[in-house]
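*Asks:* Make a model of this:
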Amino acid sequence: MFRTVRHLKLRQVVHRLFVIAKPRFLGKTPTVRVRPTSRVWVTPVSKHQTMHGPREFRILNENISVNVAADWNDPRRDKLLLYHLHYLDDLTATGAADRKEWHSSLIDLWIEHNPPLAGNGWEPYPLSLRLVNCIKWALAGNKLSNAQLESLWTQAHVMKQSVEHHLQANHLLANAKALYFGGCFFAGQEADRWLRAGTRLLSSQIAEQILCDGGHFERSPMYQSVTLDDMLDIINIGQSFDIELPAGVKDVVIPMLGWLAQMTHPDGEPAYFNDSVAANAVSLADLHGYSNRLGFAAGIHEKEGLVALENSGYVRYKRGALKVIVDAGEIGPDYQPGHAHCDCLSFELSVRTNRVFVNTGVSTYNANARRHLERGTESHNTVSVAGEEQSEIWGAFRVGRRARPVDVDVGESHVSAAHDGYQRLGILHRRRFDFLADRIEIKDALESDSPSIGVAHFHCHPGLNPVVSGTDIEIAGLRLSLENAEKIEVLPYEYCEGFNVRRPGKKITVTFKSTLTTCIYYEDSLYNG
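*Replies:* Numbering: from 1, shown residues only. Modelled structure (predicted):
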């Protein structure tokens, strides 16, 4: 706990006390007025359909029905699923126009079953996302009743009192977006206050959270896509009402698209570093289309060779049909590493549109053994030592001691770095990638005063079957040759395709003493595309 709390900002600690002690007030709802739009609302990215009946949902790959008020806060359900239920994401999902009557009834049902300040739906994060979804639904040409408008006004009023300064990061950005949306949509003095607060908070958080290389500072490709979608939504509503945009929001769109392009595999889905899973990410193609509709003439171009995302710590190599992504960066912002994994010096590799070596991804946010496993070192393509974790992960979103990258060196055809996550064991793990004409060489060294035993992990995408012959391994047209391997095993693991959805796959584990060289050979036809 000490090694976790010591990294927090003073503001987080103070506001944590406010969350406990500060009551929220409703006040008197005024006559609600909506601002007139001055420009056409641009069609945003559509979410995945979740409604399959007036009260039937499929959320996070689980079915849920809402028949009575208690169903919205069923303690037998995962908290994350209940959060998603309260988002009302289907309002902005594919085919939403065909479910217009369902949606209007759904908003009424939510209001009926969720009185102000009671239950999950009034917690700041789901409140933020629902408020935005309802406003986007209205801007798409749907009419909100007076009762619905009054409820949305009340939700924005409560949001202003509930900003998550104690959590920071993506939650704070979502709160700021909701205030900006509420301030743009509604008219009046209080709405103006929401708008000013949202604009100030967005301006400061964009400057803080979007790194100079275009990456979101939590270093998760999934949250990168969500955050970029947020930026585009903010531009969209600001332009629709001819309201001043937060500082920097237009400036980050092209860099964020470029970052996401580097971190997206040729199959169109993001790499699995930190909390990432394809099913919950907004695709690069959809974001590119949305940005174009908003007037950003952005192309998606990836040059050959090595590209270093210096501020985020990722390095991408592309040559012909090969794409490799290496993590040589920090786990995330020190004061909020909630979505961090033990993936320092891990890598992913694709051939054409086929993933070969993958991190396992994430299937749950519950504080359980599965969550710990998916965040852990052995679920990533890196080296574990004595069963210890690189970083001291605990709970669902906590990190105590953190692995730090050191000696990072990116050349024209190599990446080299070390991390100090095993320093308490007297060991420094150093890894070097050399990208050569016919192979990739990965050299691992456990630097210590005495010989150390390590285990290198290589997770194969489901459906691939590695074949071991001595110290060579054949997989997906590639040949791995291992030098100094003491033991090679092929073991089962589970690959995450979405929350609550996992597929069986096979991983290669290589036990070695002090040093290991892994050569990944490929045919010229792959290298040349």
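*Asks:* And the helices in the stretch 101-250 of the chain, which stretches?
*Replies:* Residue ranges of the helices in the stretch 101-250 of the chain, as given by DSSP state H, counting those that start in this stretch, are 124-139, 146-160, 169-185, 189-209, 221-240.
*Asks:* any idea how far the nearest residue to Lys9 once chain neighbours are set aside is from Pro462?
*Replies:* Distances taken as Cβ to Cβ, 6 or more residues apart in numbering place Tyr335 nearest to Lys9, at 4.9 Å, with adjacent residues excluded. From N, CA and C alone the C-beta is placed, and that goes for glycine too. Relative to Pro462, Tyr335 is positioned 36 Å away (Cβ to Cβ, to the nearest Å).
*Asks:* Check Asn484 too.
*Replies:* Per Cβ to Cβ, Asn484 is found 29 Å from Pro462.
*Asks:* Could you pull out the buried residues of stretch 462-472?
*Replies:* 462, 464, 466 (16 or more other Cβ atoms under 10 Å).
*Asks:* hmm, I was thinking of stretch 270-281
*Replies:* 270-281.
*Asks:* start to end distance for stretch 39-59?
*Replies:* 34 Å (Cα to Cα, to the nearest Å).
*Asks:* Stretch 299-312 too?
*Replies:* Using Cα to Cα, one end of stretch 299-312 lies 22 Å from the other.
*Asks:* what separates it from the chain centre, distance-wise?
*Replies:* Here the centre of stretch 299-312 is set off from its chain's centre by 19 Å, with Cα atoms, centre = their mean, to the nearest Å.
*Asks:* Which parts of it count as buried, going by neighbours?
*Replies:* Buried residues in stretch 299-312, defined by neighbour count with 16+ other Cβ under 10 Å: 306-312.
*Asks:* Can you name the two of those residues that sit furthest apart?
*Replies:* The most widely separated members of these are Leu306 and Asn311, with 16.0 Å between them, by Cβ to Cβ.
*Asks:* which stretches of the protein have low pLDDT?
*Replies:* Residue ranges of the chain with pLDDT under 70: 16, 18-23, 524-529.
*Asks:* which residues in it form helices?
*Replies:* Secondary structure of the chain (DSSP state H): helices at 2-5, 10-21, 79-87, 100-113, 124-139, 146-160, 169-185, 189-209, 221-240, 253-262, 284-293, 369-375, 524-527.
*Asks:* any chance of those in JSON lines, plus distance to Ser384?
*Replies:* Shown next, in JSON lines, are these (distance: least, Cβ to Cβ, whole Å):
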{"stretch": "helix 2-5", "distance to Ser384": "20"}
{"stretch": "helix 10-21", "distance to Ser384": "31"}
{"stretch": "helix 79-87", "distance to Ser384": "28"}
{"stretch": "helix 100-113", "distance to Ser384": "46"}
{"stretch": "helix 124-139", "distance to Ser384": "33"}
{"stretch": "helix 146-160", "distance to Ser384": "43"}
{"stretch": "helix 169-185", "distance to Ser384": "27"}
{"stretch": "helix 189-209", "distance to Ser384": "31"}
{"stretch": "helix 221-240", "distance to Ser384": "23"}
{"stretch": "helix 253-262", "distance to Ser384": "27"}
{"stretch": "helix 284-293", "distance to Ser384": "31"}
{"stretch": "helix 369-375", "distance to Ser384": "12"}
{"stretch": "helix 524-527", "distance to Ser384": "29"}
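*Asks:* and of these, who's closest to Arg352?
*Replies:* Closest to Arg352 of the helices of the chain is helix 524-527 (Cβ to Cβ; 7.8 Å).
*Asks:* Nearest to Glu374, out of the helices of the stretch 101-250 of the chain?
*Replies:* helix 221-240 (13.1 Å).
*Asks:* Just want the angle from that closest one to helix 284-293.
*Replies:* 20 degrees (axes from the mean of the first three to the mean of the last three Cα atoms, to 10 degrees).
*Asks:* Give me the distance between helix 221-240 and the centre of its chain.
*Replies:* Here the centre of helix 221-240 is set off from its chain's centre by 14 Å, with Cα atoms, centre = their mean.
*Asks:* Let the chain start at 64 from now.
*Replies:* Got it, the first residue is 64 from now on, which makes the last one we talked about helix 284-303.
*Asks:* Show me what it is packed against.
*Replies:* Contacts defined by 3 or more Cβ pairs under 8 Å, 6 or more residues apart in numbering; DSSP states H and E place helix 284-303 against helix 187-202, helix 232-248, helix 252-272, helix 316-325, helix 347-356.
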